[in-house]
Each structure stands twice: as C-alpha cells, then as structure tokens.
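# model this:
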Amino acid sequence: MATELARALPKPKHVSYEEPAPASRAPRVVPASSLEGQVVLKKTNIPPYGSRSNWRPRSQEDFADGGAYPECHVAQYPLDMGKKKVTTAGALVLKSDKSIAETIARQGHKDSRIVHSSFKDLIPLRARADAGEIELSRPSEEEVEATRRRTEEALQALVNSASAAQKPKSIKKANDEPTYVRYTPHQGQMGKHNGPQNDRIIKIVNRQQDPLAPPTHKIKKIPRGPPSPPAPVMHSPPRKVTREEAEQWRIPPSISNWKNHKGYTIALDKRLAANGRGLEDNTINNKFADFAEALYTADRLAREEVKQRAQMQQKLAEREEERKAENLRQLAQRAREEKAAAAASRRSRSRSHSQARRRGSKSSGYSSNSEDSELDSEEERVRERERARRERRRENERELRQQHMGAERRVQMMAREAGRDISEKIALGLAKPTVSGEALYDSRLFNQSSGFAAGFNEDQMYDKPLFQAQDALSALYKPGSAQQDDGEDEGQTYERITKTKRFEGFSGAAAGEEREGPVVFEKEVARPSAGGKHNAGDDPFQIGQMISDVTGGGGKKRYGLQDDEDREEKGRSKRARVDSDEE
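Numbering: from 1, shown residues only. You can find the predicted model right below:
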C-alpha cells in the first residue's frame with residue numbers, strides 16, 4: 001500500500017536531506033523518454049574569492065543570480081540593473097561630413113513611406129539603367145478586384161472619419177428595436193382560470209427623451225468610510241509636567257529681523273529668544289578666567305606702582321617746598337635785619353644832618369644832598385612794592401568776586417574783558433533761549449538776487465574787492481575830474497565849493513556864529529551846596545549821596561586780610577610822616 005502511494009505521488013522538487021550517493025561510479029544510462037524533462041546546467045568558471053584580480057564578469061551567467069563583485073573594478077550590471085537602454089530618438093544626428101539630402105527629407109517620416117529625395121527618382125523606371133526586365137503583362141481580375149476593394153475601404157474610412165468628426169458626440173444613439181414579452185396573469189385572479197385566451201403579448205419600447213433636457217441624475221458624494229483604527233501607543237502613566245520640561249518644550253514665536261508690518265514694539269528679550277541663542281550651550285574656556293585674573297593682577301600692580309611713584313614725587317615736592325620756604329624765611333629775616341640797620345643808620349644820619357644844617361657848613365650840606373638822594377631812591381622802591389601789593393590785592397578781590405558770581409554774569413564779564421561781542425554767540429553753561437519763527441531767518445538774505453550776476457561761487461570770499469564802497473564814499477567830498485579850476489587859488493576853490501547847493505545849511509542856521517572844529521555839547525550838572533552836601537531839590541532821590549558813599553568806601557566789602565594791609569599802609573604812612581618830621 002505504501003509503495004503504491006509513493007509511486008502515485010510526484011517526485012518532490014526540494015529535498016530537506018541529502019540523497020545518498022550511488023554506490024557505483026559507473027556511467028548512468030538514462031532512457032530517451034526522461035531526457036525531455038532533464039535540465040542541463042552550464043558550468044561557469046567563476047574563480048573563488050581572493051583570486052579575481054584578473055577576472056572580469058562579461059555575461060549574466062557570471063553573476064550566478066547574485067550581485068556585483070566589489071573586488072572587480074569595472075562597470076557591472078547584474079540583471080541589467082542600472083544599464084542605460086538604447087532607444088531610437090527622432091532627433092537628427094549632426095554629422096561633420098556633408099549632409100545627405102535623403103536623411104533630411106526622411107526626417108519625421110516612416111521607413112515604409114516613399115520619399116523622393118534625389119534626381120534619379122524623377123527618371124522613369126523604363127529609362128533607368130538598373131531597371132532590368134520590366135514585366136508588362138496585364139493583371140488578373142482577382143488582383144484588380146482586390147486593389148479596388150482596398151481602395152474603396154480606404155476611401156470609405158476617410159469619409160467616415162470626416163463625417164464622424166462633424167457629428168456631436170453627446171447625443172446617444174436611439175435604439176428603436178422593440179422588445180416583445182408574453183404576459184400571463186396570476187392564477188385565481190378575478191375569479192377566472194388561466195387559459196390560452198388570457199395570455200397577452202406586450203411590446204416594450206424605450207421612452208422618448210428630450211436631447212436638450214438637463215440630466216436628471218445627480219452626483220452625490222459618497223460618505224467616507226471609517227478610518228483604520230489608531231495604532232496602539234505604549235506610554236507611561238500621565239504625570240504632571242515640571243517647570244524645566246515646560247521650558248524645554250516652549251517654542252518662542254518667530255520674529256523677523258527685517259519685517260514688521262504691524263509696527264509692533266518687540267522687547268529685546270523676545271527678539272533674542274526668537275533668534276535661538278539661548279538654545280546653544282556655550283562652553284567657555286578656563287583660560288579666559290586666567291587671562292582676566294592676570295589682567296586684574298597686572299592692573300593692580302601697575303596702580304600700586306603709580307601710587308608709590310606719586311607719593312614719592314609728592315614727598316620730594318614737599319621737601320623742595322619746605323626748602324624754598326626756609327630759604328624765603330631766611331631772606332626775609334636778613335631783609336628785616338638790613339632794613340632795621342638801615343633805619344637806625346638813617347636816623348643817626350638824620351640827626352647828624354640836622355646838626356650839620358644848624359652849623360651851616362658847606363661841606364656838610366653837600367654830604368646831606370647825597371644822603372637825600374639815597375633816601376629818595378629807597379622811598380621809590382617802597383612805593384613800587386606798595387603799588388605791586390595793591391595790584392595783587394585787587395586781582396585777588398576780582399577773582400573772589402568772580403567765584404561768587406553766577407554763570408551768566410561770569411561769561412559776560414569775561415567777554416567784556418576780552419573786548420568782544422557775544423550777542424550772537426552761544427554762552428556755555430546757560431539755558432538755550434526759545435527762538436521764535438521770525439528769528440530763525442535773516443531778513444537780509446531775502447532781498448538778494450540769484451544767478452551768475454549775484455556770484456557764481458558763493459564760497460569764494462575774494463571774488464569782490466574788499467573796500468568796494470570806499471570809492472563811492474570818498475568821491476562825495478572830493479571834486480570830480482570834470483570840474484575845471486580855471487587857474488583859481490585854494491581860497492576861491494573853497495568858496496566855490498561851499499556855495500554849492502549840496503553844502504547849503506538848513507533854515508535858521510545862517511544867523512549863528514562861525515565855529516572851528518566839531519560841535520561840543522555841555523550838560524548841566526547839579527552842583528553841591530556850600531556845605532558840601534547835595535540839595536534835596538537837585539537830588540530828590542539821593543542818588544548822588546549813594547554814589548559818594550560807594551566811591552568813599554561806605555558800601556565796600558572789607559576782608560580781614562585787606563584790613564591788615566590797610567593798617568600796615570596807615571602805619572607806614574604814619575612812620576613816613578614821623579620820619580619826614582624828624583628830618
């Protein structure tokens with residue numbers, strides 16, 4: 001039973017186990033009937049891996065249903081993959097040789113089409129040299145009929161295609177063929193029995209339709225079917241989002257650096273956030289900190305060195321100042337001693353001089369004159385020193401007043417001392433005055449003509465003479481060149497000029513006395529009374545009294561230094577008067 005079943009089943013194509021090798025090595029005899037089903041495999045000589053340096057795959061059998069060989073450095077196309085297919089194009093290939101007329105004429109035509117492109121095509125077949133033997137026998141009736149039928153079919157196809165193109169395609173063809181149906185009513189209907197007389201033949205005809213009527217069929221949108229079920233997502237249970245995760249998921253709005261149609265004011269932090277700079281992790285090298293620390297240390301050392309140098313210079317300056325002050329004190333002490341000695345000698349000389357004057361001797365009188373000259377020179381030097389001291393005191397007072405002045409008053413005073421007008425200049429440190437509309441423009445510029453006559457180059461300041469109007473002014477008081485002297489002297493010329501109408505005086509001026517020089521005006525001034533005081537009628541507001549108080553020093557501001565100097569001056573003047581009295 002098993003043998004019959006195995007014999008009935010076909011032989012398997014794939015065997016999962018290795019078939020045992022035949023025991024005998026003798027040649028196997030195959031019957032002729034089984035040769036038809038045998039498949040002959042062609043053995044390919046593909047070298048093993050590592051020995052393919054000089055081998056090249058040249059056919060599809062060399063690939064053995066596999067891929068390319070990477071160790072063979074040639075173009076390989078297994079199963080013709082990637083190989084460019086040769087296609088015939090309709091473009092005319094350009095040639096460097098002479099163009100052929102037949103190739104150009106056949107461009108765009110089929111190969112079966114007869115194209116006459118040369119001169120020999122115009123020669124009849126009988127006159128051609130290569131025509132050979134021409135058959136002039138008459139065709140048979142079958143050939144004529146076949147040719148006629150082919151011609152008729154070709155012409156009918158052309159006519160049908162032309163007429164079909166003119167007919168409308170939207171009109172359906174009418175099917176007028178009726179359909180006949182035998183109708184047999186149901187049994188027991190109307191209480192009658194069915195019989196052959198009750199059968200009827202019904203003719204079914206298509207209902208006539210208006211070809212111009214609009215279509216009654218409405219296209220309805222088919223509802224979309226249910227989508228595919230969602231893919232399962234394996235995720236952890238939901239949890240609350242932390243602040244750090246929210247910051248990481250926050251996407252800033254896109255802000256353009258070039259366009260702002262609405263004109264919104266965008267904060268800088270929002271603009272920087274949109275730029276994406278905060279998303280970058282900047283790694284700072286430690287050498288920057290070392291470099292900054294080194295700079296700070298060098299700066300601190302340099303500052304300490306500069307501070308020590310300044311302290312040393314200050315100490316040296318203080319020592320030098322102390323040395324100079326000590327030298328000045330010594331010089332002042334020596335000068336005081338010399339002055340005291342000179343005063344003592346002067347008093348002794350004055351006593352001797354007074355005694356000698358009483359005697360009235362001439363020799364002693366001569367010596368007293370020389371001593372008087374020395375005293376005068378000494379007094380002159382004293383006066384110079386007093387004058388210099390007063391000048392210094394006046395300068396100190398002026399500087400002190402300037403310190404107590406306001407900014408505007410100080411600027412005006414400095415400008416007055418410099419002798420220049422600052423009416424149209426900007427005063428530094430002062431509030432800018434409000435400029436009206438009329439003061440913004442100079443009215444003198446509105447009445448000037450423009451063009452080449454007014455001055456082509458306005459920046460050129462030397463285009464006009466410097467004293468252009470001086471000639472016209474000087475010509476008013478000088479006689480012209482057209483006037484003739486006629487030999488008259490200076491007096492006659494002066495009388496002739498003064499008698500002209502130009503120099504004629506106004507009415508009432510002829511009775512006045514003649515004067516020499518310019519007009520001098522006198523102003524009436526209220527003089528003080530005999531007691532040295534102004535009368536109340538002459539000075540009702542007591543302005544003269546106030547001026548006298550100010551000039552007399554009543555309203556003058558006094559300082560302690562000035563009082564000491566005044567006392568010294570009074571003491572010196574008093575001593576000078578005493579000395580003069582003693583002399």
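
# tell me which residues of the helix or strand hosting S161 are tucked away?
S161 belongs to helix 141-166 when assigned by DSSP states H and E. Residues of helix 141-166 classed as buried by neighbour count (16 or more other CB atoms under 10 Å): none. Yep, even glycine has a C-beta here, placed from its N, CA and C like the rest.

# C-terminal to that helix, what's the next element?
In the C-terminal direction from helix 141-166 (assignment by DSSP H and E), the next one is strand 179-183.

# List the neighbours of the helix or strand following that next one that are in contact with it.
Next along the chain after strand 179-183, taking DSSP H and E as the criterion, comes strand 200-204. For strand 200-204, the external contacting residues (CB atoms under 8 Å, 6 or more residues apart in numbering) are 178-183.

# Near R346, how many other residues are there?
18 (other CB atoms under 10 Å).

# Could you tell me the average pLDDT over the helix holding S161, please?
Across helix 141-166, pLDDT averages out at 93.

# Then stretch 406-424?
68.

# if you go through this structure in chain order, where are the helices?
2-8, 101-105, 141-166, 243-249, 268-275, 286-359, 362-404, 407-418, 470-475, 490-498, 543-552, 560-582 (DSSP state H).

# In CSV: those helices, plus distance to M81.
Shown next, in CSV, are the helices of the chain (distance: least, CB to CB, whole Å):
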stretch, distance to M81
helix 2-8, 44
helix 101-105, 35
helix 141-166, 45
helix 243-249, 47
helix 268-275, 49
helix 286-359, 57
helix 362-404, 103
helix 407-418, 96
helix 470-475, 108
helix 490-498, 128
helix 543-552, 122
helix 560-582, 116
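
# among those, which gets the worst mean confidence?
helix 560-582 (a mean of 53).

# Format the contacts of strand 200-204 as JSON lines; extra columns: pLDDT.
Output for those, formatted as JSON lines (pLDDT from 0 to 100):
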{"residue": "P178", "pLDDT": "88"}
{"residue": "T179", "pLDDT": "91"}
{"residue": "Y180", "pLDDT": "91"}
{"residue": "V181", "pLDDT": "91"}
{"residue": "R182", "pLDDT": "90"}
{"residue": "Y183", "pLDDT": "88"}
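
# Just the buried ones among the residues you listed, please.
Of the contacts of strand 200-204, not one counts as buried by 16+ other CB under 10 Å.

# ok, these vs L212, which is closest?
Minimum distance to L212 across these is 25.0 Å, recorded for P178 (CB to CB).

# still on that earlier bit, who wins for proximity to T216 among the helices of the chain?
helix 141-166 (28.1 Å).

# by contact count, what packs against the closest one?
Judged by 3 or more CB pairs under 8 Å, 6 or more residues apart in numbering; DSSP states H and E, helix 141-166 is in contact with no other helix or strand.

# per the record, what domains does this protein have?
286-337, 370-417 (automatic domain parsing).

# Just name the most buried of those domains.
Comparing the domains of the chain by mean neighbour count (mean count of other CB atoms under 10 Å), domain 370-417 comes out on top with a mean of 12.

# hey, C-alpha coordinates of stretch 124-142 in CSV?
Below are the C-alpha coordinates for stretch 124-142, written out as CSV (Å, rounded to 0.1, in the frame of the first residue of the first chain):
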residue,chain,number,x,y,z
PRO,A,124,11.0,56.9,-65.3
LEU,A,125,11.6,53.3,-64.5
ARG,A,126,12.0,52.4,-68.2
ALA,A,127,14.8,54.9,-68.6
ARG,A,128,16.8,53.8,-65.6
ALA,A,129,19.9,51.8,-66.2
ASP,A,130,19.3,49.4,-63.3
ALA,A,131,15.6,48.8,-64.1
GLY,A,132,16.3,45.4,-65.5
GLU,A,133,13.5,43.5,-67.3
ILE,A,134,10.1,45.2,-66.9
GLU,A,135,7.0,43.0,-66.8
LEU,A,136,4.2,44.5,-69.0
SER,A,137,1.7,41.7,-68.6
ARG,A,138,-1.9,42.7,-67.7
PRO,A,139,-3.0,42.0,-64.1
SER,A,140,-5.7,39.4,-63.5
GLU,A,141,-9.3,40.1,-62.5
GLU,A,142,-8.7,38.9,-58.9
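
# Contacts for it, please.
Residues from elsewhere that reach stretch 124-142, judged by CB under 8 Å, 6+ apart: 120, 147.

# tell me the pLDDT at M234?
80.

# tally of neighbours for it?
4.

# ditto for P57
Neighbour tally, P57, other CB under 10 Å: 19.

# quick one: contacts for it?
63, 68-69, 72, 74, 76.

# Repeat the analysis, applying 7 Å as the threshold.
Applying CB atoms under 7 Å, 6 or more residues apart in numbering, we find P57 in contact with 63, 69, 72, 76.

# about what we covered before: got a markdown table for the contacts of strand 200-204, with distance to A342 too?
Formatted as a markdown table, those follow (distance: CB to CB, whole Å):
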| residue | distance to A342 |
| --- | --- |
| P178 | 173 |
| T179 | 172 |
| Y180 | 178 |
| V181 | 175 |
| R182 | 181 |
| Y183 | 178 |
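
# Going by distance to A231, which of those residues wins?
T179 (56.5 Å).

# So for that closest one, what's the nearest residue that isn't a sequence neighbour?
Closest residue in space to T179, ignoring its immediate chain neighbours: I204 at 4.3 Å, by CB to CB, 6 or more residues apart in numbering.

# Which pLDDT value does the model give that neighbour?
91.

# Distance check, I497 against K85.
Distance from I497 to K85, counting by CB to CB, to the nearest Å: 125 Å.

# Those two: who's more crowded?
Using other CB under 10 Å as the criterion, I497 and K85 rank with I497 on top: 13 against 5.

# Please tell me how far the more buried one sits from G491.
With CB to CB as the criterion, I497 and G491 are 11 Å apart.

# ditto for V306
87 Å.

# got it, and S377?
Distance, S377 to G491, by CB to CB: 59 Å.

# and if you look at D111?
D111 is 139 Å from G491, by CB to CB.

# Repeat that for F541.
Distance from F541 to G491, by CB to CB: 56 Å.

# cool, H217 as well?
Counting by CB to CB, the gap from H217 to G491 is 139 Å.

# same question, P229
141 Å.

# Save the domains of the chain as CSV, and put in distance to R106 too.
What follows is the domains of the chain, written out as CSV (distance: least, CB to CB, whole Å):
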stretch, distance to R106
domain 286-337, 81
domain 370-417, 106
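
# so which of the ones you listed gets nearest A162?
domain 286-337 (91.5 Å).

# among the helices of the chain, which is nearest N257?
Using CB to CB, the helices of the chain put helix 268-275 closest to N257, at 7.5 Å.

# Low-confidence bits of the stretch 1-150 of the chain, can you list those?
Scanning the stretch 1-150 of the chain for pLDDT under 70 picks out the ranges 1-2, 13-44, 86-99.

# 90 instead, please
1-137 (pLDDT under 90).
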